[in-house]
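Chemist: next input, structure requested:
(one chain, ligands or ions: 3)
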Amino acid sequence: MSRHIPQTIFNIALDVPLNRTFDYLSGSFTARVGNRVVVPFAGRHLVGVVVGLSETSEYPIEKLKSVSHVFDDAAIGNVVFDSRMFKLLKFCADYYHYPLGQALISALPLRLRQIKPAVSRKQFSYQLLANADLTQIPARKALMQRIIAALQAKSSLTEAELALISSGWRKAILELKNLGLVSAQEVVAVKASLPTSSIEPQLNDEQNQAIESVLALTHQFKPWLLYGITGSGKTEVYIQILQKILSDKNAQVLVLVPEINLTPQLEARFRSRLSQYPLVTLHSNLNESERLQNWLAASTGAAKIVIGTRLGVFTPMPHLKLIVMDEEHDSSYKQQDGMRYHARDVAMVRAKQQNIPIVLGSATPSLETWFNATSGHNTQKQQYGLLSLTQRAVENAALPNIFCIDTAKSPTENGLSPLLVNAMRECLSRREQSLLFINRRGYAPVLHCNACQWVAPCMRCSARMVVHLSQKRLKCHHCGHEQKIPIQCPSCGNADLHPTGQATQRLEQTLRSLFPAARIARVDRDSMRNKDALNDLLSKVHDQEIDILVGTQMLAKGHDFPHLTLVGVVDTDSALYSPDFRASERLFAQLMQVSGRAGRAEKAGEVLIQTAFPQHALFQALRSQDYVSFANELLQERSVMQFPPTSYFALLRAEANDFSQVQQFLSQAGNLARTLLTNQLKHEVMIYDPVRPQMERLKGLERGQLLLQANSRAALQRLLKVWVPQLHELPIAAKIRWSLDIDPLEF
Ligand code: ADP
Ligand code: ZN
Ligand code: ZN
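Modeler: Residues are numbered from 1 along each chain as shown. Ligands and ions are numbered 1, 2, ... in the order given. The predicted model follows:
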């Protein structure tokens, strides 16, 4: 039904879980597509974005409400989405089968999703002036006195630091300014930089070749894989490509990184080498006002370089000319809730839509990317260009030697084999640094009763509680549930309960007793809670104030440790025989990455891996540092098994208090899908039976999942397009929690 009406109708996207947009009357307002508005919705007021204007509505006009407000967003050119960003998010909403309104609104900085005006205030820091006459401050002005004392103790205070002194700091600082005692300086978001060299090295042939290849095709869509071992100079290649591209006055470049807080060195290098170009970062460690400020700088074109984590892929950049994605294999590029997008895939679509090149860099590319870069028969898609860096860039920097320690022959004591302990001792005596890698935080993974074999379970998950001895607590790393360590076994009353197995805190303790004189630091999410802790620690490592590092994968990321010559790997065997078909791909990448920490400068490095399976193919490939054959072998396996990247998955997950409801939903969903298979689709899509995931229960909910597998994205999408709307209509769907994961990484 369509009627002619005198007013304009705004078609508005709202952050509600319904797969449609909403019509409102313009009232006295005018707006353009991309404007932010406020509308009444179900008794509340919501911020929305205008996605269309029309004169007609499918809904009865007398039932339409009017918008209550149209924001004046002059500072951002009035639209929060330009047509390109809209197109990209529309693609994502369709591809990931996620409500368009939620996709659009959740891509905005929080401040733009709120009803109050999103003023982007500049941030200042304050300093005491050199010749300030402090006697001018009246004695009764206690707050002003306190601020002065704080400024004397620390040469400069940020607004956040002042706010800690008193909520009334603004007024006091204004008076101090008026008295001519303090000065204000605008804060440009620059982090403390670690020592980096700003010298431009003489590139080697492979680097030159890579840069020339990319620069030869800059005005068209072209994906590149920059495959280069750790330390081969990939970052140098990015930097020099950026220098060229940014020399065009208008150009902007987007650099995506897995976790920026883990790689402060990378940001520092970009800042020092490309200092003439305004650079902003977008990541979860920013406060909302910084985030808005940086987002605006990108969307107005003022920032030429944006370094961001996965959400950064949705930053509007009107003059975007290149996307770089570092460590493209990293699983943190995949969003695990809400719209479950993969930033690499979104970046690829964005580059294609904007007709620009995209460079994916990695020492251990994801099999998806490796497949795209090496399979010649893959003709429907744009073939990726493969750029290889096979040598370490720094002269004389050899690759580390990787060895396995067979724990059957050299049994471990407290998690460490004598061979590894000896190597660490020698390393210490040479005054070099070593790193112990174990991917488990806490003290011990299990609390065990020797009498009855009871192990402490989480009440809410199918998981064991991890022992955190220093706090005398058991913690579930899946749901966050905590409790005191019981003094006796709840099952048999035995008072002799043992923490069993190794984790970071326990290894740290063992190392302290083995090497009492060594300076030891532990790096995991517990010890690095403070925002600056990692940065401070990295500086200490650089200044050789640390001898031994023990930690999780937080240590594996691209840090450059010139004095580190030994890496020990403890206890990764469980991943070798994991039911997750991606486990070995992930483990290989992780071990290559952590191995790459050893011997970066003129000192050769050694990597010792403790394992009960030294003959495993993964370790053989690792020892010869042969990613290529390992990847090709895995690809072969995947192809035989019909697993990604040679097929495409969608996973329907469901959870509820009561498993029978989960079961009911998933089997109805599966049956429904089967009825929707056309004769054609029957050959292209496979619908499995519902199963329980490895973690059967999580946070108190029973879980189940249903897998769809297809031989092309197109076939999968054809089915999903009719299936998903009907899933929403199933009565049982409203009673449980469910979600759809396209191209899932975890099962
Ligand atoms: P990657 O990103 O591949 O790990 P980097 O770009 O960080 O490698 O390079 C590793 C080290 O080698 C850095 O200290 C970098 O400054 C240096 N480097 C890079 N290219 C060259 C080169 N051509 N000659 C000398 N040193 C180089
Ligand atoms: Zn017991
Ligand atoms: Zn739990």
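Chemist: gap between the lowest-mean-pLDDT helix or strand in the chain and the chain center?
Modeler: The helix or strand of the chain with the lowest confidence, counting by mean pLDDT, DSSP states H and E, is helix 159-165 at a mean of 78. Counting by C-alpha atoms, centre = their mean, to the nearest Å, helix 159-165 is centred 29 Å from the centre of its parent chain.
Chemist: leaving out sequence neighbours, find the closest residue to the residue of the stretch 251-400 of the chain found nearest ligand 2.
Modeler: Of the residues in the stretch 251-400 of the chain, the one nearest ligand 2 is Gln336, at a distance of 36.1 Å by C-beta to the ion. Where you see a C-beta, it was placed from the backbone N, CA and C, and this is true even at glycine. Closest residue to Gln336 in three dimensions, ignoring its sequence neighbours and counting by C-beta to C-beta, 6 or more residues apart in numbering: Glu746, at 7.5 Å.
Chemist: which parts of the stretch 501-650 of the chain are helices?
Modeler: Ranges of helices in the stretch 501-650 of the chain, per DSSP state H, counting those that start in this stretch, are 504-514, 533-542, 573-576, 583-595, 617-623, 627-641.
Chemist: pull out the buried positions in the second one.
Modeler: Residues of helix 533-542 classed as buried under the neighbour-count rule (16 or more other C-beta atoms under 10 Å) are 534-535, 537-539, 541-542.
Chemist: that helix near ligand 1 anywhere?
Modeler: No - residues of helix 533-542 contacting ligand 1 under C-beta under 6 Å from any ligand atom: none, with a closest distance of 12.5 Å.
Chemist: about what we covered before: and the helices of the stretch 501-650 of the chain, which is most packed in?
Modeler: Mean neighbour count, computed with mean count of other C-beta atoms under 10 Å, is highest for helix 583-595 among those, reaching a mean of 22.
Chemist: and the average pLDDT for that helix is what?
Modeler: The predicted model assigns helix 583-595 a mean pLDDT of 93.
Chemist: go on, stretch 209-218?
Modeler: The pLDDT scores in stretch 209-218 average 97.
Chemist: and what of stretch 488-506?
Modeler: Here the mean pLDDT over stretch 488-506 is 95, rounded to a whole number.
Chemist: nearest residue to Val722 in space, please, no chain neighbours.
Modeler: Residue nearest to Val722 in three dimensions, not counting chain neighbours: Leu676, with 5.4 Å by C-beta to C-beta, 6+ apart.
Chemist: residue contacts, the one you found?
Modeler: Listed by C-beta atoms under 8 Å, 6 or more residues apart in numbering, the contact set of Leu676 reads 719, 722-723, 726.
Chemist: can I get the helices of the stretch 501-650 of the chain in TSV including distance to ligand 2?
Modeler: TSV is the format used below for these (distance: least, C-beta to the ion, whole Å):
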stretch	distance to ligand 2
helix 504-514	22
helix 533-542	38
helix 573-576	24
helix 583-595	32
helix 617-623	37
helix 627-641	42
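Chemist: dump those into CSV; add distance to Gln471 as well.
Modeler: CSV is the format used below for the helices of the stretch 501-650 of the chain (distance: least, C-beta to C-beta, whole Å):
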stretch, distance to Gln471
helix 504-514, 10
helix 533-542, 18
helix 573-576, 25
helix 583-595, 27
helix 617-623, 35
helix 627-641, 40
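Chemist: which parts of the chain sit against ligand 3?
Modeler: Among all residues of the chain, those adjacent to ligand 3 (criterion: C-beta under 5 Å from the ion) are 458, 460-461, 476, 478-479, 481.
Chemist: give me the buried positions along the least confident helix or strand of the chain.
Modeler: In terms of neighbour count (16+ other C-beta under 10 Å), helix 159-165 has its buried residues at 159, 162, 165.
Chemist: most neighbours of all the contacts of Leu676, which one?
Modeler: Using other C-beta atoms under 10 Å as the neighbour test, the contacts of Leu676 are led by Trp723, with 22 neighbours.
Chemist: give the contact list for the most centrally placed residue in the chain.
Modeler: To find the centre residue of the chain, average its C-alpha atoms and take the closest one (C-alpha atoms, centre = their mean): that gives Ser332, at 3.6 Å. Ser332 makes contact with 258-259, 309-310, according to C-beta under 8 Å, 6+ apart.
Chemist: again, 6 Å this time
Modeler: Counting by C-beta atoms under 6 Å, 6 or more residues apart in numbering, Ser332 touches 258-259.
Chemist: could you check how far it is from Arg431?
Modeler: Taking C-beta to C-beta, to the nearest Å as the measure, Ser332 and Arg431 are separated by 35 Å.
Chemist: over to Ser68?
Modeler: Separation of Ser68 from Arg431 (C-beta to C-beta): 69 Å.
Chemist: picking that back up, where does the residue nearest to Gln336 land in three-state SS?
Modeler: In terms of secondary structure, Glu746 is coil; the call rests on DSSP: H, G, I helix; E, B strand; the rest coil.
Chemist: residues near it, how many?
Modeler: Residue crowding around Glu746 was assessed by other C-beta under 10 Å; the count is 14.
Chemist: now it: phi and psi?
Modeler: Main-chain dihedrals, Glu746, degrees, to the nearest 10: phi -120, psi 150.
Chemist: what pLDDT does it get?
Modeler: Reported pLDDT at Glu746 in the predicted model: 89.
Chemist: now the strands for the stretch 401-550 of the chain?
Modeler: Assigned by DSSP state E, counting those that start in this stretch, the strands in the stretch 401-550 of the chain fall at 401-406, 433-437, 446-449, 466-468, 473-475, 482-484, 497-500, 520-523, 548-551.
Chemist: need these in a markdown table (columns: distance to Glu633 and mean neighbour count).
Modeler: Supplementary listing: those in a markdown table, determined by distance: least, C-beta to C-beta, whole Å; neighbours: other C-beta atoms under 10 Å:
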| stretch | distance to Glu633 | mean neighbour count |
| --- | --- | --- |
| strand 401-406 | 18 | 18 |
| strand 433-437 | 24 | 28 |
| strand 446-449 | 34 | 20 |
| strand 466-468 | 34 | 24 |
| strand 473-475 | 38 | 20 |
| strand 482-484 | 43 | 12 |
| strand 497-500 | 35 | 17 |
| strand 520-523 | 33 | 21 |
| strand 548-551 | 30 | 25 |
